[in-house]
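1. I need the structure of the sequence given here:
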Amino acid sequence: MSAVKYTFLIEGCGALLLGIRFVPQFGWHGVWMAVFHSISAFCNAGFDLMGNFASLTGYVTDPLVNFTIMALIVFGGLGFTVITELRERKRFSLLSMHAKIVLTGTAFLIFAGAALFLAFEAGNADTMGGLTAPQKVMAAFFQSVTCRTAGFNTIPQDTLTDASKLLSSVLMLIGGSPAGTAGGVKITTVAMLFFSVRSLMRGREETEAFGRRFSRNALARALCIFLLAIAFLFVGAMVMSLTERGTACGSMDFIDKMFELASALGTGGLTG
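-> Got it, this is the predicted structure:
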């Protein structure tokens, strides 16, 4: 029942906030627009009703739409178990190792991703170049959040720099949290591999995080999932390169093919 309760509560709050913008713009149809986009964002689906493949590019300077959609995406990506723990335990020190990894990993990816997107796109006239400094920061955060398999976009994806396309592909491949609404190989999988590498570099035999040890079976499963995802990605790129010769897809740059494949594999929903 907690999952159902939190779903209706979060999506309802999102719909009310989006309705503030959509109802004056679309009239009574804006109510449906607000509900639809709230559900789509929380479920990390990325479907929109704007038409012409515009997604939310018309709202790139709108803080209400941007931050509401971002909050819905993040809550959906955290997973219901983490949301429940946050409500019941409140203090970070009391949370489970799973919740701690999800929260710290999510925060790191969002802020690090936003900083890199800002560095890569701030001077790009086709994406963020025409925005003010605060608007660029907001657009960078939105891109960082939506790449966690949400599928919305406020800046054009086809005119991103190659560095941003590569970063977007990595974020889409990682995805969100287990028991959440996002796709990808999951942040816990990547986190376990990170902690394993860190332990090896420090000369330690056991892999630990937040005072707890990972079992060897858990690490083996994480490595298997990650390697399978990488294998599918590169095999898909090779197959696409061979089978799409002479077509519009065949003329795509390799980075664009990787972007599309990462989006499909991680159920990201973004496309150039």
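2. wait, doesn't residue 121 sit right on residue 161?
-> Yes - using Cβ atoms under 8 Å, residue 121 makes contact with residue 161 at a distance of 6.4 Å. Glycine gets a C-beta too; all of them are placed from N, C-alpha and C.
3. have a look at the two and say which one is more surrounded.
-> Neighbours per residue, other Cβ atoms under 10 Å: of residue 121 and residue 161, the larger number sits with residue 121, 23 against 17.
4. which residues in the chain form strands?
-> 208-209, 212-213 (DSSP state E).
5. what residues sit buried inside the longest helix along the chain?
-> Identified as the longest helix of the chain according to DSSP state H is helix 216-243. Under the neighbour-count criterion of 16 or more other Cβ atoms under 10 Å, helix 216-243 has 219, 222, 225, 226, 229, 233, 236, 237, 240 buried.
6. got it, and stretch 254-272?
-> Under the neighbour-count criterion of 16+ other Cβ under 10 Å, stretch 254-272 has 255-272 buried.
7. got it, and stretch 78-96?
-> 78, 79, 80, 81, 82, 83, 84, 85, 86, 95.
8. helices - which of those residues land there?
-> 78, 80, 81, 82, 83, 84, 85, 86.
9. looks like the first one contacts residue 178 (just checking).
-> No - using Cβ under 8 Å, residue 78 is not in contact with residue 178; the gap is 10.3 Å.
10. joint contacts of these two?
-> Here residue 78 and residue 178 share no contacting residue, scored by Cβ atoms under 8 Å, 6 or more residues apart in numbering.
11. all helices of the stretch 151-272 of the chain, in order?
-> Using DSSP state H, counting those that start in this stretch, the helices of the stretch 151-272 of the chain run over 162-174, 187-201, 216-243, 254-265.
12. what does the shortest one contact?
-> Same thing as helix 254-265. Here helix 254-265 has contacts from 157, 162, 165-166, 168-170, 172-173, 229, 232-233, 236-237, 240-241, 249, 252, 268-272, using Cβ under 8 Å, 6+ apart.
13. run the last query once more with 7 Å
-> 162, 165-166, 168-169, 172-173, 229, 232-233, 236-237, 240-241, 268-272 (Cβ atoms under 7 Å, 6 or more residues apart in numbering).
14. returning to what we had before: what would the ones in helices among the buried residues of stretch 78-96 look like in JSON lines with pLDDT?
-> Below are those laid out as JSON lines (pLDDT from 0 to 100):
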{"residue": "78", "pLDDT": "90"}
{"residue": "80", "pLDDT": "85"}
{"residue": "81", "pLDDT": "88"}
{"residue": "82", "pLDDT": "89"}
{"residue": "83", "pLDDT": "87"}
{"residue": "84", "pLDDT": "87"}
{"residue": "85", "pLDDT": "87"}
{"residue": "86", "pLDDT": "86"}
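15. quick revisit: just the closest of the buried residues of helix 216-243 to residue 192, please.
-> When the buried residues of helix 216-243 are ranked by distance to residue 192 (Cβ to Cβ), residue 222 comes first, at 4.2 Å.
16. check whether that closest one really touches residue 193, as I assumed.
-> Yes - using Cβ atoms under 7 Å, residue 222 is in contact with residue 193, at 5.6 Å.
17. picking up where we left off before, check the buried residues of stretch 78-96 and tell me the two furthest apart.
-> Pairwise distances across these (Cβ to Cβ) peak at 14.4 Å, for the pair 80 and 95.
18. how many neighbours does residue 123 have?
-> 11.
19. and it, its phi and psi?
-> Per-residue torsions, residue 123: phi -100, psi 10 (degrees, to the nearest 10).
20. for this structure, what helix or strand is lowest in average pLDDT?
-> strand 208-209 (a mean of 82; mean pLDDT, DSSP states H and E).
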